[in-house]
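[1] fold the following, please.
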Amino acid sequence: MNTKISTSRASSNRKTSPTRSAAPSRKRARKRKSRFARIAGYLLLTAFLAGITGLGWMFFTESGNNFRYLVADTLITTQHRHWAKYIIGQKALDQRVQDYQNRFNQMGEERDSHTIQLPAGTGDQSGQAEQKPLVQIETISGPSYKGYLMIVNDPTKIRLGVPEKAGKGEKVSSMVKRTGAIAGVNGGGFADPNWQGNGFQPIGLVISQGKVYYEDLGGKKSTQIVGIDGKGKMIAGKYSLAEIQSMGVKEAVTFQPRIIVNGKGLI
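    Numbers count the residues shown, from 1 in each chain. Okay, here's the model as predicted:
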């Protein structure tokens, strides 16, 4: 009988032991949850106060306004310019876009007065140009950038590619593959009414191998172009279609702005 009672008590102790140890565990868990909730609350309150302070600085101080317009001006130069209206408003956005375009137009008035001496042999089968590979790639870098520079030693070999189908855009990589070109880069600007970066209608002029593929000056007599004449000389500036044709330009697109003209920084 003693043995049975002893066994029964031992069994009873074993059954009640987990219940006694579970209570402190639940208390610790509740404390941890409470501590986490307090920390999360402090963080949310801090973020809210910081946001209110930041908005007050951006809208009610001179330095804050300068920062807002700096961000807006940066967005205006990208395909996401519509985001700028949430920072400065639609009216201010429209005005700054117009000012941005006006600056480009003023830059285009500077005419390049340099005389360019082409290297001997450019465009034929002998001479200096043919002693080098047609295309060379060099790496370039600086404190905040890294990239590649493509040098075309015979500029008369440059051709302006146009999409295969009228009214439809085409990727540069597709143009390169389709035409058998060595390399390709983006050319002129295009209409992008929704600011999504997927427009296909060119702006201004498109000339390839002397043929005018597209012309829409919008009533203007001239446009800013970057082109290459039959001798491989680059021509960049504000010209009418008649002037471009009289200069023998073979490849050209409307493009702006130019950065340096006649040794003068335009930007």
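[2] what are the phi and psi values for residue 253?
    Note on residue 253: backbone dihedrals following degrees, to the nearest 10 are phi -140, psi 160.
[3] alpha carbons of stretch 212-225, in PDB - could you do that?
    Coordinates of the C-alpha atoms in stretch 212-225 are reproduced here as PDB (Å, rounded to 0.1, in the frame of the first residue of the first chain):
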ATOM      1  CA  VAL A 212      14.300  62.800 -95.300                       C
ATOM      2  CA  TYR A 213      12.400  60.100 -93.400                       C
ATOM      3  CA  TYR A 214      10.500  62.400 -91.100                       C
ATOM      4  CA  GLU A 215       9.900  66.200 -90.900                       C
ATOM      5  CA  ASP A 216       7.700  67.900 -88.300                       C
ATOM      6  CA  LEU A 217       9.000  71.300 -87.300                       C
ATOM      7  CA  GLY A 218       5.600  72.300 -86.000                       C
ATOM      8  CA  GLY A 219       5.500  75.500 -88.000                       C
ATOM      9  CA  LYS A 220       9.100  76.400 -87.000                       C
ATOM     10  CA  LYS A 221      11.600  77.300 -89.600                       C
ATOM     11  CA  SER A 222      14.500  75.600 -87.900                       C
ATOM     12  CA  THR A 223      15.400  72.900 -85.400                       C
ATOM     13  CA  GLN A 224      18.400  71.800 -83.400                       C
ATOM     14  CA  ILE A 225      20.100  68.900 -85.100                       C
END
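[4] state the distance from residue 228 to residue 244.
    Counting by Cβ to Cβ, to the nearest Å, the gap from residue 228 to residue 244 is 11 Å. To be clear about C-beta, it is placed using only N, CA and C from the backbone, and glycine gets the same treatment.
[5] same question, residue 60
    Going from residue 60 to residue 244 by Cβ to Cβ gives 51 Å.
[6] quick check: next helix or strand after the worst-scoring helix or strand of the chain on mean pLDDT?
    Ranking every helix and strand in the chain by mean pLDDT, DSSP states H and E puts helix 2-60 at the bottom, with a mean of 72. Following helix 2-60 in sequence order, the next helix or strand is helix 62-76 (DSSP states H and E).
[7] let me see the ranges of the helices in the stretch 51-200 of the chain.
    62-76, 85-88, 90-107, 172-179 (DSSP state H, counting those that start in this stretch).
[8] so which bits of the last one are buried?
    Neighbour counts over helix 172-179 (16 or more other Cβ atoms under 10 Å) mark residue 175 as buried.
[9] dump that helix to PDB, restricted to CA.
    Provided in PDB are the C-alpha atoms of helix 172-179 (Å, rounded to 0.1, in the frame of the first residue of the first chain):
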ATOM      1  CA  VAL A 172      18.300  49.700 -80.600                       C
ATOM      2  CA  SER A 173      19.400  46.100 -80.100                       C
ATOM      3  CA  SER A 174      16.900  44.900 -82.700                       C
ATOM      4  CA  MET A 175      18.000  47.500 -85.200                       C
ATOM      5  CA  VAL A 176      21.600  46.500 -84.800                       C
ATOM      6  CA  LYS A 177      20.800  42.800 -85.300                       C
ATOM      7  CA  ARG A 178      18.500  43.500 -88.300                       C
ATOM      8  CA  THR A 179      21.000  45.800 -90.100                       C
END
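[10] what about that helix, average pLDDT?
    In this model, helix 172-179 has a mean pLDDT of 93.
[11] mutual contacts of residue 228 and residue 244, please.
    Common contacts of residue 228 and residue 244 (Cβ atoms under 8 Å, 6 or more residues apart in numbering): 235, 252.
[12] so, low pLDDT: which residues of the protein?
    Residues of the chain meeting the criterion pLDDT under 70: 1-23, 118-130, 192-199, 219.
[13] now with 80?
    Applying pLDDT under 80 to the chain flags residues 1-33, 77-80, 100-101, 103-131, 166-169, 189-200, 218-220, 256-257, 266-267.
[14] quick check: the residue at minimal distance from the centre of it vs residue 72, distance?
    Central residue of the chain (Cα atoms, centre = their mean): residue 78, 5.4 Å from the mean position. Computed as Cβ to Cβ, the residue 78 to residue 72 distance reads 11 Å.
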